[in-house]
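1. Just need the structure, nothing else, for what follows:
(chains A and B)
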2 protein chains.
Amino acid sequence: MSNKLRLGIVGVGNMGRSHINSCAEGRLPEIEITAVADIDESKFAYAREKIPGVKCFNTATEMFRSGLCDAALIATPHYFHPPMAEEAMRAGLHVMSEKPAGVYTKAVRELIEYTETSDKTYAIMFNQRTNCLYRKMKEIIDSGKYGQMKRVSWIITDWFRTQQYYNSGSWRATWAGEGGGVMLNQCPHQLDLWQWLCGMPVKVRAFCHEGKWHDIEVEDDVTIYAEYANGATGTFITTTGDCPGSNRLEITLDRAKLLCDFINPYSTEQKLWIYELEGSTQEFINDSSEGFARLKGEWKEVETDGKNEQHVGVLNAFAAHILRGEPLVAEGREGINGLMISNAAFLSSWLGETVSLPIDEDLFLRKLQEKINGSTHKKVVNEHVEGDMSSTF
Amino acid sequence: MSNKLRLGIVGVGNMGRSHINSCAEGRLPEIEITAVADIDESKFAYAREKIPGVKCFNTATEMFRSGLCDAALIATPHYFHPPMAEEAMRAGLHVMSEKPAGVYTKAVRELIEYTETSDKTYAIMFNQRTNCLYRKMKEIIDSGKYGQMKRVSWIITDWFRTQQYYNSGSWRATWAGEGGGVMLNQCPHQLDLWQWLCGMPVKVRAFCHEGKWHDIEVEDDVTIYAEYANGATGTFITTTGDCPGSNRLEITLDRAKLLCDFINPYSTEQKLWIYELEGSTQEFINDSSEGFARLKGEWKEVETDGKNEQHVGVLNAFAAHILRGEPLVAEGREGINGLMISNAAFLSSWLGETVSLPIDEDLFLRKLQEKINGSTHKKVVNEHVEGDMSSTF
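-> Take a look at the predicted model:
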């Protein structure tokens, strides 16, 4: 292997182009994009302009077998993520998958089983894990210093999209093409961060509203209620229909409370605060001799390293991992967790009942297939309307 | 009638004493507390010290029939609110009921039916309705200028109580004595404000955790998910177990978003902000030619009249209503609405399913009776521990 990772990109859509730009701008010093693959040849001009000499293939298979790539970045529609990842690994390539890991956990589980037989790296683009605020929250929670989680509440409603967004691709917001809406396309980041910070819930009751704000057949408004093994509870609220949205995450621990939110309503800058208690809330509840007493503590802002490298951080760590064994931002197999939550949320909403995790994967797949088979939605598609994606994923 | 309203108070507990203090401090200029009633004679000394010459009765019935009172304030344990109110009105008195209106809607509905045959006033102590922030929110929403509600989220978890609080009275936090926990005792204010601002939901799915943080048999941790007739959704999260708690209310409308929260994590002062949009979110979703466009608007702080008169405001309005026909802060019959939400939340949680509103009142009462009959909880009671209540209700 050369001193650069030779990367091939499958899918020159919004995400593929974004990574090509990062490389062309010199922000991926250990990565060389040697090839791209897309079924639509009209996409090649963009790649060739940005990366002179890049090889362009009509199929991913040809690219995988070309000998030009050490690794593949899978930036296709979601359903193709698991089979493309497996095919690339079988061809001897390392894999970086865009999120979500897949549309249904059964496919991702089968992929993970395969990856365990392979010496190739399977990584996933959870770029939000590079955000200093979430990294610091994880460090604080995982330290154990503040005890167990009691409650988590995330209002993450700042994923506003117009109808035109959904009309920009025929696969978008369809059961057959995308396999879901806001939970599959916008929120996989926060669903991953939610489980990364708080662990996996054991029960989920969700309310997924399909085509509520847009003329689409998939969900664009979701409220999830979750319960954890230790009895903690959580809520997760998301939509693509609110303008302006919120992005407020609060996590209550036995000995502290964490709050990640905008500095004030006027600001677009987020901060992390902690309320450190003098002791254990539960012990104080049990032992205080006063009915209305409150355990003392104080709010303070949490300092972080300020780094937030996003996609380039994930890709540079991927290269450093393969070239020198440094740690990944996110192992691909961890992608099943956030997907398990969204699959559980769909299943709960479709069945109208609470579901336990891990879910019945075959039941979920049958229900998803019913959605696909029952689709009567005719989309008005205007493929060529695309916007500035730089701050949207 | 003299130029002051002659008021008798039933129950010289925490709330009764608080109103006695307001009167003794000259904050109720049009009210004269002429009598009190309590089954515990030891409570009379407090009343006599603060209100020289006050008449003390062992039973409410004697006080109602004494001819000393034009109106009665019912500050008994919750189950007695409806029957005491009716008895007072039948004796020819106006009534101010402490919250909640009752424990179950059937009793309150029967009371309301009686009040409709009476010319006496039936009012309820929803003192939080005097808060300038909530009054302003209601004015903004009711103006219709900003369109229909899309979403409401209230995290109201700053009702922290220790075990000692629950041990301070044998009736507290029992199905037989109080009929519930945080939803009946602490949150009736916010449940009322929720419906006052947002209207009544048509469906509720709730998760009520009983004795989660305290050694009690009733709920001390609640998450409610609600749906409205127009499709809007809401969440309401409360507990007496979190320290520190939150009190953040956000309401998304088609043409604006309202946020009521602390100025920042360090502040105990709350403010109201509005994000006024240039138009209708739904029209923008439908009509925008850009996928990632956002409808313009800006945050600004909402000015209010700054008044927040709380209990004395409610009582002074009650006197002015009876003496001169001025408006009440809250009609007693409106008390059934917040109670309907908490009854529905219990029923949903006990049945493990979504319930429609109005609820099946007979079913709820049967289930509540099962809870009372099934009670095995033995409370350690220390009746004489009481704290400073001035900022707790």
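
2. going forward, measure contacts and count neighbours with C-alpha atoms only.
-> Fine.

3. what does the stretch 151-300 of chain A have sitting close to chain B?
-> Applying the criterion C-alpha under 8 Å from any C-alpha of the partner chain, the portion of the stretch 151-300 of chain A that neighbours chain B consists of A:160-166, A:168, A:213-214, A:241-244, A:252, A:257, A:263-266, A:273, A:275, A:281-282, A:284-295, A:298-300.

4. could you redo the last one with a cut-off of 6 Å?
-> Residues of the stretch 151-300 of chain A that fall close to chain B, judged by C-alpha under 6 Å from any C-alpha of the partner chain: A:161-165, A:266, A:285-286, A:289-292, A:299.

5. Out of these, which sit inside strands?
-> Using DSSP state E, the members of these that fall within strands are residue A:299.

6. Would you mind listing which of the residues of the stretch 151-300 of chain A next to chain B are buried?
-> By the neighbour-count criterion of 16 or more other C-alpha atoms under 10 Å in any protein chain shown, these include these buried positions: A:161-165, A:285, A:290-292, A:299.

7. Who are the contact partners of the residue lying closest to residue A:147 once chain neighbours are set aside?
-> Counting by C-alpha to C-alpha, 6 or more residues apart in numbering or on different chains, the nearest residue to residue A:147 once its immediate chain neighbours are dropped is residue A:254, at 5.2 Å. Taking C-alpha atoms under 6 Å, 6 or more residues apart in numbering or on different chains as the criterion, residue A:254 is in contact with A:147-148, A:280-281.

8. ditto for residue A:291
-> Contact criterion C-alpha under 6 Å, 6+ apart gives B:162, B:164-165 as the residues in contact with residue A:291.

9. need those in a markdown table with distance to chain A and pLDDT, can you?
-> Formatted as a markdown table, those follow (distance: C-alpha to the nearest C-alpha, whole Å; pLDDT from 0 to 100):
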| residue | distance to chain A | pLDDT |
| --- | --- | --- |
| B:162 | 4 | 98 |
| B:164 | 5 | 97 |
| B:165 | 4 | 96 |
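
10. Among these, find me the one that's closest to residue B:35.
-> Checking the contacts of residue A:291 against residue B:35 by C-alpha to C-alpha gives residue B:165 as the nearest, at 28.3 Å.

11. which helix in chain A runs the most residues?
-> The helix of greatest length in chain A, counted in residues with DSSP state H as the criterion, is given as helix A:335-351.

12. Can you point out the buried residues in that helix?
-> Of the residues in helix A:335-351, those scored as buried under the neighbour-count criterion (16+ other C-alpha under 10 Å) are A:335-349.

13. In the stretch 251-393 of chain A, what residue comes closest to chain B?
-> In the stretch 251-393 of chain A, the residue that lies nearest chain B is residue A:291 (3.6 Å; C-alpha to the nearest C-alpha).

14. For chain B, what is the nearest residue in the stretch 1-150 of chain A?
-> Counting by C-alpha to the nearest C-alpha, the stretch 1-150 of chain A gets nearest chain B through residue A:150, at 8.2 Å.

15. In a strand, that residue, correct?
-> Yes. Residue state for residue A:150 (DSSP: H, G, I helix; E, B strand; the rest coil) corresponds to a strand.

16. Let me see the contact set for it.
-> Contact analysis of residue A:150 by C-alpha under 6 Å, 6+ apart lists A:232, A:252-253.

17. ok, back up a step: separation between the residue of the stretch 251-393 of chain A closest to chain B and residue A:283?
-> Taking C-alpha to C-alpha, to the nearest Å as the criterion, residue A:291 is separated from residue A:283 by 14 Å.

18. Equivalent analysis for residue A:58, please.
-> For residue A:58, the distance to residue A:283 under the criterion C-alpha to C-alpha works out to 64 Å.

19. One more: residue A:240?
-> Note on residue A:240: its distance to residue A:283, by C-alpha to C-alpha, is 42 Å.

20. okay, these two: which has more neighbours?
-> Between residue A:240 and residue A:283, residue A:240 has the larger neighbour count (other C-alpha atoms under 10 Å in any protein chain shown), namely 26 against 13.

21. so that one makes contact with residue A:162?
-> No. Counting by C-alpha atoms under 6 Å, residue A:162 is not a contact partner of residue A:240; they are 8.1 Å apart.

22. pLDDT wise, what is residue A:169 at?
-> Residue A:169 carries a pLDDT value of 85.

23. in the stretch 51-200 of chain A, what residue is nearest chain B?
-> Nearest to chain B in the stretch 51-200 of chain A, going by C-alpha to the nearest C-alpha, is residue A:165, at a distance of 3.6 Å.

24. Spell out which residues sit in contact with that residue, please.
-> residue B:291.

25. one step back: could I get the contacts of residue A:150 in TSV, plus columns for secondary structure, distance to residue A:187 and pLDDT?
-> Putting the contacts of residue A:150 into TSV (DSSP: H, G, I helix; E, B strand; the rest coil; distance: C-alpha to C-alpha, whole Å; pLDDT from 0 to 100) gives the following:
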residue	secondary structure	distance to residue A:187	pLDDT
A:232	coil	22	98
A:252	strand	22	98
A:253	strand	24	98
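
26. For residue A:76, which three-state class applies?
-> Classification of residue A:76 using three-state DSSP returns coil.

27. Tally up the residues packed near the closest residue to it other than its chain neighbours, please.
-> Using C-alpha to C-alpha, 6+ apart and skipping residues adjacent in sequence, the residue nearest residue A:76 is residue A:11, 5.0 Å away. Here the number of neighbours of residue A:11 (other C-alpha under 10 Å) works out to 22.

28. what's the first-to-last distance across stretch A:140-154?
-> This stretch, stretch A:140-154, spans 18 Å end to end (C-alpha to C-alpha).

29. no wait, stretch A:279-294
-> Here the two ends of stretch A:279-294 are set 11 Å apart, with distance taken as C-alpha to C-alpha.

30. Quick check: residue A:235 is in a strand.
-> Yes. Under three-state DSSP, residue A:235 sits within a strand.

31. thought residue A:256 was touching residue A:277?
-> Yes. Using C-alpha under 6 Å, residue A:256 is in contact with residue A:277, at 5.4 Å.

32. Look at the two and report which has more neighbours.
-> Per other C-alpha under 10 Å, whichever of residue A:256 and residue A:277 has more neighbours is residue A:256, with 28 against 20.

33. beta partners for that one?
-> According to DSSP bridges, the partner residues bridging residue A:256 are residue A:276.

34. thinking again about what came up before, pick the one among the contacts of residue A:150 closest to residue B:51.
-> Relative to residue B:51, the closest of the contacts of residue A:150 is residue A:252; by C-alpha to C-alpha it sits at 45.0 Å.

35. can you give me the helices for chain A?
-> Taking DSSP H as the criterion, chain A contains helices spanning A:14-24, A:44-50, A:60-65, A:81-90, A:105-115, A:132-142, A:163-166, A:182-185, A:188-198, A:281-287, A:310-324, A:335-351, A:361-373.

36. Pull the first one out as CSV, backbone CA atoms only.
-> Just to be clear, that refers to helix A:14-24. C-alpha atoms of helix A:14-24 as CSV (Å, rounded to 0.1, in the frame of the first residue of the first chain):
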residue,chain,number,x,y,z
ASN,A,14,-24.9,14.8,-2.8
MET,A,15,-22.7,13.0,-0.3
GLY,A,16,-20.3,11.6,-2.9
ARG,A,17,-19.7,15.1,-4.4
SER,A,18,-19.2,16.5,-0.9
HIS,A,19,-16.4,14.0,-0.2
ILE,A,20,-14.9,14.7,-3.6
ASN,A,21,-14.8,18.4,-2.7
SER,A,22,-13.1,17.7,0.6
CYS,A,23,-10.4,15.8,-1.2
ALA,A,24,-10.0,18.4,-4.0
